[in-house]
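S.K.: from the sequence below, what's the structure:
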Amino acid sequence: MHLLPSLIRLLRPQRRRVAVLVVVILATALVELALLPGLSAGLFTVLMGAPPDLGGRYTDVPVVAETVSWLNRILTPPPEAPLRPLFFIAFALLVTAFLRSALAFAREYLGQYVGGRALIDLRMQLFSRLQRLSLSFYEGQRVGDLMSRLTTDVALVQQLITTDMADYLLAPAIVLGGLAAMFWLNWKLTLFVFVFAPLASLLIARAGRRMTRLAREQQERIADLNARLHERLASIRIIQSFAREDYEVGQFRDLNERSFDAVMRVARVRAIAPPAIQFLSAASFAAVGTYAGMLVIEQHMNIPGLMGFFVLTQRVGFFFLRFGTLHLRVSQSLAALNRVMEVAEREPDLQERPDAAPLPRVDGRVSLHDVSLQYPNGEVVLQGINLGISAGEVLALVGPSGAGKTSLANLVMRFYDPAQGRVEVDGRDVRDVTLHSLRSQIGLVPQETVLFGGTIGENIRYGRVDATDEEVVEAAKAANAHDFITALPAGYRTEVGERGVRLSGGQRQRIAIARAVLKDPRILILDEATSSLDAESENLVQEALERLLRGRTTIVIAHRLSTIQRADRIIVLSDGKIVEEGRHEQLLNRGGVYSRLYRIQESRSILREASQERLLE
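M.R.: As a prediction, this is how the structure comes out:
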């Protein structure tokens, strides 16, 4: 079973408590298989006044023989104390009940503790791995599916390692130990049990395999449901603007029905297996009872011995039925564990070299040597790129959509590794340095600003978590954000809401710039930070950006060419290749790709202004 090593690794930090738990389970099995049947036989011996015969085949062992001899003397009532055996049995039953309760408490507590700690480790392992997986992994995943693995699947794993694990170990121990004891006591009688045991075992095994397959399908349907829900709630403005509420409700109903069908397939297996096992257990008990009655009638067995054997049979049957039910639940949990481990133990596509060294503070020189980039799906996005960027230079990347602008910037941050060639910062291959030391010296201001739930101050301090309040305020001033922040009732303690929804686009962008200012990176990447802002906000953001890029190597991914006219150099990309290079005026005069793109945007701008003037008339 390929999940067993993963489960062992998960429980390894708790190995001492697991060892104690195993001892508790073995002690519980001993109580269930020895004390309860023995005391039951002793009780019937006393009640029927029959001569005690508690030894049976156990007397083959010297220590057991001495113990049985002592018990036989205890259970033989002397004339002066005829009730002594009964009191002894009652006291022994009371001690046994207390011992069972104590062992049950220890089993439950240890199971919850071991499982709870293992669950914390699993969540941390999963979340930590998600933080370090490459962008190529996320491009092939849905957020809703990952959320389902973190919540629904982890909840099923929690059921396995906190509730079911101890009982799942106890049940087979009692069943196997009980069958061995029964076979030793009376092998002929035990054979009647073995007639039905293989049928029940086959049923449990087949039901478990089917449950594993169906449970995984059920988890995938739930993941589809969560993915749809996450995506649609995040896009509620688009849905309502297209008046597609009823359509989305219908689509969600279909997914709900498919999820329900998957749940019911699992429910059918869970509903049919336990009654079938119970029927086989009842049939086995009836066969054993019939043959045992024949043995008693023919005086080959006495009533106390029969009752002890029946108690043993009852305990074995109870835990066999429980094991069957647990096996179905465990099979479902293992399917969830498999989905969790697919992510938790996945190796990042982008690995640090074992000898990677920290990158010291850089001047900001960036160079790409014969670089080509191919995505995992086979798409070639960059081919033969040779480019050098001087320290402190402002370089703009322009070109049609899909030309490779963002891909080139991603190579500098080492979100991807080139298929061939190398990317260097200050003359050092980015694959030879640690990721943290590289990325900590690069700042990113994306086109779509991402803020985290929390306060404005916390979002700015994300750039450097150890920054003082004074440094946060200075960064906000440099980003033209201080005035609007202090005008808010709670100032820097204002909650921004999920993804910053309580702030305007311009306000969010200036907070993102303040975050970058606080980080104080040597290399800055700007992904057209003003493309979706109104004129007033754009001026404020542009002014803040000009302060930010002073003295830093800056790569500007430009969508609006009017914003990069003062760039030191402009690189034009097309079909993954550099086709033009120069300053704004030089590229316009060449009449090439840049000139064509610029004139198209100028024409659109003129048409847009004319339309606005007509609306104002």
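
S.K.: P521 touches G443, doesn't it?
M.R.: Yes: with contact defined as Cβ atoms under 8 Å, P521 reaches G443; the gap is 3.4 Å. Glycine gets a C-beta too; all of them are placed from N, C-alpha and C.

S.K.: got any residues that touch both of the two?
M.R.: Here P521 and G443 have R552 as joint contacts, going by Cβ atoms under 8 Å, 6 or more residues apart in numbering.

S.K.: what's the helix or strand harbouring F319 packed up against?
M.R.: Under the criterion of DSSP states H and E, F319 resides in helix 303-344. Helix 303-344 sits against helix 3-11, helix 36-48, helix 84-132, helix 154-159, helix 165-185, helix 187-234, helix 245-297, with contacts defined as 3 or more Cβ pairs under 8 Å, 6 or more residues apart in numbering; DSSP states H and E.

S.K.: elements contacting the helix or strand just after it?
M.R.: The first helix or strand that comes after helix 303-344 along the chain, using DSSP H and E, is strand 366-374. Here strand 366-374 touches strand 380-389, helix 405-412, strand 420-425, going by 3+ Cβ pairs under 8 Å, 6+ apart.

S.K.: for V23, grab the count of nearby residues.
M.R.: By other Cβ atoms under 10 Å, the residues close to V23 number 13.

S.K.: how near is it to P400?
M.R.: Taking Cβ to Cβ, to the nearest Å as the measure, V23 falls 70 Å from P400.

S.K.: residues contacting A215?
M.R.: V266, S331, Q332, A335, A336 are the contacts of A215 under Cβ under 8 Å, 6+ apart.

S.K.: please repeat the previous calculation with a cut-off of 10 Å.
M.R.: 156, 262-263, 265-266, 269-270, 328-329, 331-336, 338-339 (Cβ atoms under 10 Å, 6 or more residues apart in numbering).

S.K.: how close does L526 get to A344?
M.R.: 35 Å.

S.K.: the more surrounded of those two?
M.R.: Of the pair L526 and A344, L526 is the one with more neighbours under other Cβ under 10 Å, namely 26 against 22.

S.K.: before we move on, the earlier item: could I get the helices and strands packed on helix 303-344 as TSV with mean pLDDT?
M.R.: Formatted as TSV, the helices and strands packed on helix 303-344 follow (pLDDT from 0 to 100):
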stretch	mean pLDDT
helix 3-11	74
helix 36-48	61
helix 84-132	80
helix 154-159	77
helix 165-185	79
helix 187-234	71
helix 245-297	74
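
S.K.: what's the closest of those to P489?
M.R.: Of all those, helix 187-234 sits nearest to P489, with 27.9 Å by Cβ to Cβ.

S.K.: got the buried residues for stretch 569-585?
M.R.: R569, I570, I571, V572, L573, S574, G576, I578, E580, G582, H584 (16 or more other Cβ atoms under 10 Å).

S.K.: take the residues you listed and keep only those in strands.
M.R.: Residues from the buried residues of stretch 569-585 lying in strands, with DSSP state E as the criterion: R569, I570, I571, V572, L573, S574, I578, E580, G582.

S.K.: which two of these have the greatest separation?
M.R.: Spatial extent of these (Cβ to Cβ) is set by the pair R569 and S574 at 16.9 Å.

S.K.: give the contact list for the closest residue to Y168 other than its chain neighbours.
M.R.: What sits nearest to Y168 in space, not counting adjacent residues and going by Cβ to Cβ, 6 or more residues apart in numbering, is L326, at 5.1 Å. Going by Cβ under 10 Å, 6+ apart, L326 touches 160, 163-165, 167-172, 204, 319, 333.

S.K.: if we go to 6 Å?
M.R.: Applying Cβ atoms under 6 Å, 6 or more residues apart in numbering, we find L326 in contact with D164, D167, Y168.

S.K.: quick one: low-confidence parts of the stretch 451-600 of the chain?
M.R.: For the stretch 451-600 of the chain, applying pLDDT under 70 flags the ranges 499-500, 529-538, 541, 562-563.

S.K.: what ranges do the helices span in it?
M.R.: 456-461, 469-478, 482-487, 505-519, 535-548, 584-590, 593-616 (DSSP state H, counting those that start in this stretch).

S.K.: chain center to the second one, what's the gap?
M.R.: Centroid displacement of helix 469-478 relative to its chain, using Cα atoms, centre = their mean, to the nearest Å, is 37 Å.

S.K.: just the C-alphas of that helix, formatted as CSV.
M.R.: The C-alpha trace of helix 469-478 is given here as CSV (Å, rounded to 0.1, in the frame of the first residue of the first chain):
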residue,chain,number,x,y,z
ASP,A,469,5.5,52.6,12.2
GLU,A,470,7.6,55.6,11.1
GLU,A,471,9.1,53.6,8.2
VAL,A,472,5.6,52.6,7.1
VAL,A,473,4.4,56.2,7.2
GLU,A,474,7.4,57.3,5.1
ALA,A,475,6.8,54.6,2.5
ALA,A,476,3.1,55.7,2.3
LYS,A,477,4.2,59.3,1.8
ALA,A,478,6.6,58.3,-1.0
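
S.K.: buried set for that helix?
M.R.: Within helix 469-478, the residues that count as buried by 16+ other Cβ under 10 Å are E471, V472, V473, E474, A475, A476, K477, A478.

S.K.: the last one: what's it in contact with?
M.R.: Contact criterion Cβ under 6 Å, 6+ apart gives V517, R547 as the residues in contact with A478.

S.K.: what's the spacing between the spatially closest residue to L110 that is not a sequence neighbour and P5?
M.R.: Leaving aside its chain neighbours, L110 sits nearest to L21 (4.5 Å; criterion: Cβ to Cβ, 6+ apart). Distance, L21 to P5, using Cβ to Cβ: 19 Å.

S.K.: between the two, which has more neighbouring residues?
M.R.: L21 (23 against 11).

S.K.: that one belongs to a helix?
M.R.: Yes: counting by DSSP: H, G, I helix; E, B strand; the rest coil, one finds L21 located in a helix.

S.K.: tell me the confidence at it?
M.R.: With respect to pLDDT, L21 has a value of 85.

S.K.: ditto for the one 4 residues further on
M.R.: On the pLDDT scale, I25 is placed at 84.

S.K.: from start to finish, how long is stretch 387-398 in a straight line?
M.R.: One end of stretch 387-398 sits 14 Å from the other (Cα to Cα, to the nearest Å).

S.K.: buried residues of that stretch, list them for me.
M.R.: Going by 16+ other Cβ under 10 Å, stretch 387-398 has these buried residues: L387, I389, G392, E393, V394, L395, A396, L397, V398.

S.K.: state the distance from the first one to L411.
M.R.: When you say that, I think you mean L387. 10 Å.

S.K.: out of everything not next to it in sequence, what's closest to the residue most central in space within the chain?
M.R.: Compute the mean C-alpha point of the chain, and by Cα atoms, centre = their mean the closest residue is L150, 3.6 Å away. Setting aside the residues directly before and after it, L150 is nearest to L126 in space (Cβ to Cβ, 6+ apart), at 6.5 Å.

S.K.: likewise for L99?
M.R.: Spatial nearest neighbour of L99, excluding adjacent residues (Cβ to Cβ, 6+ apart): V31 at 5.9 Å.

S.K.: is it correct that A262 is in contact with E217?
M.R.: Yes: using Cβ atoms under 6 Å, A262 is in contact with E217, at 5.3 Å.

S.K.: between the two, which one's more packed in?
M.R.: Legend: neighbour count by other Cβ under 10 Å for A262 and E217, higher for A262 (20 against 17).

S.K.: and the more buried one, what does it touch?
M.R.: A262 is in contact with E217, Q218, R221, counting by Cβ under 6 Å, 6+ apart.

S.K.: which of the buried residues of stretch 387-398 sit farthest apart?
M.R.: Using Cβ to Cβ, the two most remote members of the buried residues of stretch 387-398 are G392 and V398, lying 20.5 Å apart.

S.K.: which residue, other than its chain neighbours, is closest to A490?
M.R.: In this structure, A490 finds its nearest non-sequential neighbour in T455, 7.7 Å apart by Cβ to Cβ, 6+ apart.
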